[in-house]
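Peer 1: compute the structure for the input listed below.
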Amino acid sequence: MTSNNTCTCNTGDPTTDFTIQLVISLIGAGVGALLGAYFGLRFAREWDRKKKKEEEHENKIRTLNAIIEEFKTIQQYILTTPLPKFEWNPVQRSLTENNIAFPTTAFQSIVHSGDFSLLSSSLQKELSWVYTRIRRCQLYNDEIANFYFTPLFNNNNSSMVDREATSLISRINNQIVELDRDVKICLPKLESAKTE
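Peer 2: Numbering: from 1, shown residues only. Below you'll find the model as predicted:
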C-alpha cells in the first residue's frame, strides 16, 4: 500500500479542479518560500551577531594590548628604578633632570577610533584618570623645559625663581610617583580584562 501526500479536490469540473490544485500548490510554495526566507534571515542575523561579537572581542583585545604596551614603554623608559626625580640647583640656577616625553599615542588612537567604548565603564574611568595624570606630567615637564625662557627666570629676584622652580619640580615629582603607582595598579586589571 502506498501513501500519497498530495491533496486532491474533485469537484467534477476539470477546470475548477485544476484551479484549486494550482492555488493549493501556489499557497504551499508561497508558505514554503516565506518560511525559508524567515529562517534564512534569522540564521543570517544570528551569524552577523556572532561575527560582530567576535570582531568586537578582537578589537577589545587589540585595544587592551595597545594600552598595555604603552604602559610598559612608560615603565621601561620613564618609570625606572629609582624613579626620575627633578631637582633644582639654586646656585647654578639649573634643573638636574632631562626632558621626558610621555607617550599617549595608543590611548589617543583608541579614543578616536571608538574602541575605547569596548572596555568596561570602570576600566574606562581608571584609564582616563591615568592618562590625565600622564598629561599632567607632560604639562609640568614642558613648563620646566620652558622655565629658562620665562621672564621670571631672567628676574634678578633669586628667591622668586627658587620658589617657582621648587614648586614646578614638586608638582612633577609628585605626579611621577603617583603615575608609577597608578600604572602598577592598572596593568593587572588590563590583563584580566582580556578574559572578560
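
Peer 1: who's in contact with Ala106?
Peer 2: By C-beta atoms under 8 Å, 6 or more residues apart in numbering, Ala106 lies in contact with 66-67, 69-70. All C-beta atoms are positioned from the backbone trio N, CA, C, and that covers glycine.

Peer 1: now these: which count as buried?
Peer 2: When the contacts of Ala106 are checked for burial by 16 or more other C-beta atoms under 10 Å, the buried set is 66-67, 70.

Peer 1: got the residues you listed as TSV, with pLDDT columns?
Peer 2: Output for the buried ones among the contacts of Ala106, formatted as TSV (pLDDT from 0 to 100):
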residue	pLDDT
Ala66	95
Ile67	96
Glu70	95
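
Peer 1: which ones among those are found in helices?
Peer 2: Among those, the members falling in helices (DSSP state H) are 66-67, 70.

Peer 1: going by distance to Glu87, which of those residues wins?
Peer 2: Closest approach to Glu87 among those (C-beta to C-beta): Glu70, at 27.5 Å.

Peer 1: what's the average pLDDT for stretch 136-151?
Peer 2: Stretch 136-151 carries an average pLDDT of 89.

Peer 1: number the chain from 96, please
Peer 2: Fine by me, first position is 96 from now on; the one you just mentioned is stretch 231-246.

Peer 1: buried residues in it, which are they?
Peer 2: 231-233, 235-236, 239, 242.

Peer 1: tell me the contacts of the residue nearest the centre of the chain?
Peer 2: Taking C-alpha atoms, centre = their mean as the criterion, Phe211 is the residue nearest the geometric centre of the chain, at 2.6 Å. For Phe211, the contacting residues are 158, 205, 219, 222, by C-beta under 8 Å, 6+ apart.

Peer 1: please report how far the second one lies from Ala260.
Peer 2: Ile205 sits 36 Å away from Ala260 when distances are taken as C-beta to C-beta, to the nearest Å.

Peer 1: turn the ones in helices among the buried ones among the contacts of Ala201 into JSON lines, including distance to Thr199.
Peer 2: What follows is these, written out as JSON lines (distance: C-beta to C-beta, whole Å):
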{"residue": "Ala161", "distance to Thr199": "11"}
{"residue": "Ile162", "distance to Thr199": "10"}
{"residue": "Glu165", "distance to Thr199": "7"}
